[in-house]
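In: What follows is a predicted structure for the sequence shown.
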Amino acid sequence: MKKILVIEDEIAINDLICMNLEIAGYQPIPFLDGDVFSNHLTQEDNYDLALLDIMLPGKDGFVLLEELKAHQIPVIYLTAKGDLPSKVKGLRSGAEDYIVKPFEMLELLVRIDNVLKRFIKSEAEEICIKDVIINEKKRTVYKNGIEISMQPMEFDCLLAFWKCRNRVMTREQILNILWGVDFEGESRTVDVHVGNIRKKLDFSDVIITVPRVGYRMEVSE
């Protein structure tokens with residue numbers, strides 16, 4: 001289980017992030033104070049990622065970033081500082097990503113997954129769901145040993161479901177993940193992709209329709 005630091009001084013936000021990380025299958029380790037975390041880091045640094053606020057009691061996020069980099073822990077900033085100079089400073093200093101509050105939890109989970117993929121080299125390339133094997137790097141899908149032809153958007157949609165598995169996703173959230181921007185087209189486009197995926201992979205019991213909301217991929221961890 002991947003261990004993720006949550007360095008955020010607002011208790012409600014810290015608790016919410018930790019709860020969602022646990023649901024997504026991560027082990028969150030919360031801290032509320034920059035100095036406390038800095039002292040802890042000298043004793044324990046076996047972490048896969050840090051979610052770091054900038055405005056903290058004690059050492060701020062810009063100072064802590066340098067300490068985390070020294071321990072080779074990748075950082076995603078989660079901060080209310082949305083001004084351009086702060087963003088530029090954070091990214092130029094070596095943060096992997098910079099997310100401004102308020103943010104969508106689903107988007108955060110996808111960005112976490114993207115950063116972890118770059119840093120955790122031992123992670124298996126293949127994803128197994130029932131009798132289906134997905135290779136993200138090769139962009140191939142096999143069912144019972146037979147390769148299944150997938151359109152690019154179908155494949156990306158399938159990956160989005162996997163990365164947010166066991167969580168309800170609205171059609172708008174799915175499209176925003178696929179396009180990387182706020183999508184302003186017809187959200188029912190997702191229904192077509194989901195229908196094709198279900199038919200090709202026999203996933204009617206894996207990708208579940210949530211009435212009046214969207215979809216959820218149900219898989220056992």
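Out: That came through, no problem. Numbers count the residues shown, from 1 in each chain.
In: Outline the domain layout of this structure.
Out: Using automatic domain parsing, the domains assigned to the chain come out as 3-119, 126-217.
In: Need the ones you listed in JSON lines (columns: mean neighbour count and mean pLDDT).
Out: Where C-beta positions appear, they are placed from N, C-alpha and C, glycine not excepted. Below are the domains of the chain laid out as JSON lines (neighbours: other Cβ atoms under 10 Å; pLDDT from 0 to 100):
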{"stretch": "domain 3-119", "mean neighbour count": "17", "mean pLDDT": "91"}
{"stretch": "domain 126-217", "mean neighbour count": "16", "mean pLDDT": "87"}
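In: quick one: whatever residue is furthest in space from the centre of the chain from residue 137, how far?
Out: The outermost residue of the chain relative to its centre, with distances by Cα atoms, centre = their mean, is residue 146 at 29.8 Å. Look at residue 146 and residue 137: by Cβ to Cβ, to the nearest Å, they are 20 Å apart.
In: mind listing the helices for the chain?
Out: For the chain, helices defined by DSSP state H occupy the ranges 11-23, 34-41, 61-70, 84-92, 105-119, 152-163, 171-179, 189-201.
In: Which one of those helices lies nearest to residue 77?
Out: helix 84-92 (4.9 Å; Cβ to Cβ).
In: The closest one to helix 61-70, inter-axis angle?
Out: Between the axes of helix 84-92 and helix 61-70, defined by axes from the mean of the first three to the mean of the last three Cα atoms, to 10 degrees, the angle is 10 degrees.
In: Quick one: list the elements packing against helix 84-92.
Out: helix 61-70, strand 75-79, strand 97-100 (3 or more Cβ pairs under 8 Å, 6 or more residues apart in numbering; DSSP states H and E).
In: Just the CA atoms of the last one, as PDB, please.
Out: Taking C-alpha atoms only, strand 97-100 is exported to PDB below (Å, rounded to 0.1, in the frame of the first residue of the first chain):
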ATOM      1  CA  ASP A  97       2.100  19.400  -9.600                       C
ATOM      2  CA  TYR A  98       0.300  22.500  -8.200                       C
ATOM      3  CA  ILE A  99      -3.400  22.300  -7.300                       C
ATOM      4  CA  VAL A 100      -5.300  25.400  -6.100                       C
END
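In: Nearest to residue 217 among the helices of the chain would be which one?
Out: Across the helices of the chain (criterion: Cβ to Cβ), the nearest stretch is helix 152-163, sitting at 4.0 Å.
In: I would like the residues contacting the closest one, please.
Out: With contacts defined as Cβ atoms under 8 Å, 6 or more residues apart in numbering, helix 152-163 is touched by 109-110, 113, 127, 129, 134, 136, 139, 141, 150, 169, 174, 177-178, 190, 193-194, 196-197, 200-201, 207, 215, 217, 219.
In: can you check stretch 131-143 too?
Out: Contacts of stretch 131-143 (Cβ under 8 Å, 6+ apart): 125-128, 144, 147-148, 150, 155, 158-159, 162, 200-203.
In: which one of those sits closest to residue 91?
Out: Of all these, residue 159 has the smallest distance to residue 91: 25.1 Å, by Cβ to Cβ.
In: And that closest one, how far from residue 108?
Out: In terms of Cβ to Cβ, residue 159 sits 17 Å off from residue 108.
In: cool, residue 127 as well?
Out: 21 Å.
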